[in-house]
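S.K.: what would the 3D arrangement of this be:
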Amino acid sequence: MRKIAVYGKGGIGKSTLTSNLAAALAVLGKKVIQIGCDPKADSTINLLGGKSLPSVMGYMREYDREPNDLGEISARGFGGVLCIETGGPTPGLGCAGRGIIATFNLLEDLELFEQEQPDVVLYDVLGDVVCGGFAAPIREGYAEDVLIVTSGEKMALYAANNIATAVENFADRGYAKVRGILLNRRNVPHEEEKVRAFAAEHQLPILADIPRSDEISNAEERGRTVIEDAPDCAVSQEFFALAKKLLQDKEL
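M.R.: Predicted structure coming up:
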């Protein structure tokens, strides 16, 4: 089982990249789980035909109890990807990071991995702050590998640096490792140069270079990943190449 956490600044396109990667892996015949770790609970929407999935934290607020089985808090998306959203607390009344930890503990109790036996688990994690809750996939053994999504924008690179530094701080404890950078282009000046400099500083490879794409925008308008909507287009081939690279990498 490959356990990969995808981190990045809010709004950087992290969920788009994660869901398209999940879809590509599914098309390649892998059994995939995607867990959205963001209070917005919108990580999996394009795997689910544009429909929002009720979050785990939202479920517990509504019913005032923990779910009895996985079917109450999950849904099957494109390619059979099992989708789960942690969600967050009522705005202003709690800590989103604690919501992630509570969800992970619940999924352990429900024996998610034992029941599903996935090939790949993808955690889509907000990276603006790397507090205890949002760092849980790194620290608690849930993920073994980290991918960082960034553009060449200043704040995206700032968040990416925080994430890389946080993981480096855990290096001597056997926690997850950053395996590479996913460049999600915003077409800012000197973008590739800036991202390559960041990657070189942290001695990381750029594993994917995703262009700004009308195909992605058009697919998301229809509530789909580009893998489902236009599997033969150039940007879909980028995602398939990334998926194959991750599957072939012996360290992942």
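S.K.: got any ranges where the chain has weak pLDDT?
M.R.: Low-confidence segments of the chain, defined by pLDDT under 70: 90-94, 172, 250-252.
S.K.: ranges for the helices of it?
M.R.: Under the criterion DSSP state H, the chain contains helices at 14-27, 56-63, 96-109, 112-116, 136-139, 154-169, 191-201, 214-221, 226-229, 234-248.
S.K.: in the last one, what's buried?
M.R.: For helix 234-248, the neighbour count (16 or more other C-beta atoms under 10 Å) marks 235-236, 238-240, 242-243, 246 as buried. C-beta coordinates here come from the backbone N, C-alpha and C atoms, glycine included.
S.K.: do the third one as well
M.R.: By neighbour count, and taking 16+ other C-beta under 10 Å as the criterion, the buried residues in helix 96-109 are 96-104, 106-107.
S.K.: now do it and helix 56-63, the angle between them.
M.R.: With axes from the mean of the first three to the mean of the last three C-alpha atoms, to 10 degrees defining the directions, helix 96-109 sits at 90 degrees from helix 56-63.
S.K.: distance of Pro54 relative to Arg222?
M.R.: Pro54 is 22 Å from Arg222, where distance means C-beta to C-beta, to the nearest Å.
S.K.: which of the two has more neighbours?
M.R.: Pro54 (15 against 12; other C-beta atoms under 10 Å).
S.K.: I'd like the distance between that one and Asn20.
M.R.: Where Asn20 is concerned, Pro54 sits at a distance of 23 Å (C-beta to C-beta).
S.K.: quick one: Asp209 and Glu191 touch, right?
M.R.: No: using C-beta atoms under 8 Å, Asp209 and Glu191 do not qualify as a contacting pair, with a distance of 10.1 Å.
S.K.: who touches both of the two?
M.R.: 183, 185 (C-beta atoms under 8 Å, 6 or more residues apart in numbering).
S.K.: correct me if wrong: Gly58 contacts Pro39.
M.R.: No: here Gly58 lies out of contact with Pro39, judged by C-beta under 8 Å, at a distance of 10.1 Å.
S.K.: run through the residues that contact the nearest residue to Gly180 once chain neighbours are set aside.
M.R.: Leaving out its chain neighbours, the residue that sits closest to Gly180 by C-beta to C-beta, 6 or more residues apart in numbering is Leu207, at 3.7 Å. By C-beta under 8 Å, 6+ apart, the contact list for Leu207 reads 147, 179-182, 242, 245-246.
S.K.: one more: Ala166?
M.R.: Ala166 neighbours (C-beta under 8 Å, 6+ apart): 130, 135, 138.
S.K.: relative to Gly80, how far out is it?
M.R.: Counting by C-beta to C-beta - Ala166 and Gly80 are separated by 33 Å.
S.K.: give the closest residue to Gly13 in space, chain neighbours not counted.
M.R.: Spatially, and ignoring its direct neighbours in sequence, Gly13 is nearest to Asn184 (4.4 Å; C-beta to C-beta, 6+ apart).
S.K.: thinking again about what came up before, JSON lines please, covering the helices of the chain and showing distance to Ile35.
M.R.: As requested, the helices of the chain are exported to JSON lines (distance: least, C-beta to C-beta, whole Å):
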{"stretch": "helix 14-27", "distance to Ile35": "10"}
{"stretch": "helix 56-63", "distance to Ile35": "9"}
{"stretch": "helix 96-109", "distance to Ile35": "8"}
{"stretch": "helix 112-116", "distance to Ile35": "9"}
{"stretch": "helix 136-139", "distance to Ile35": "9"}
{"stretch": "helix 154-169", "distance to Ile35": "17"}
{"stretch": "helix 191-201", "distance to Ile35": "26"}
{"stretch": "helix 214-221", "distance to Ile35": "20"}
{"stretch": "helix 226-229", "distance to Ile35": "19"}
{"stretch": "helix 234-248", "distance to Ile35": "17"}
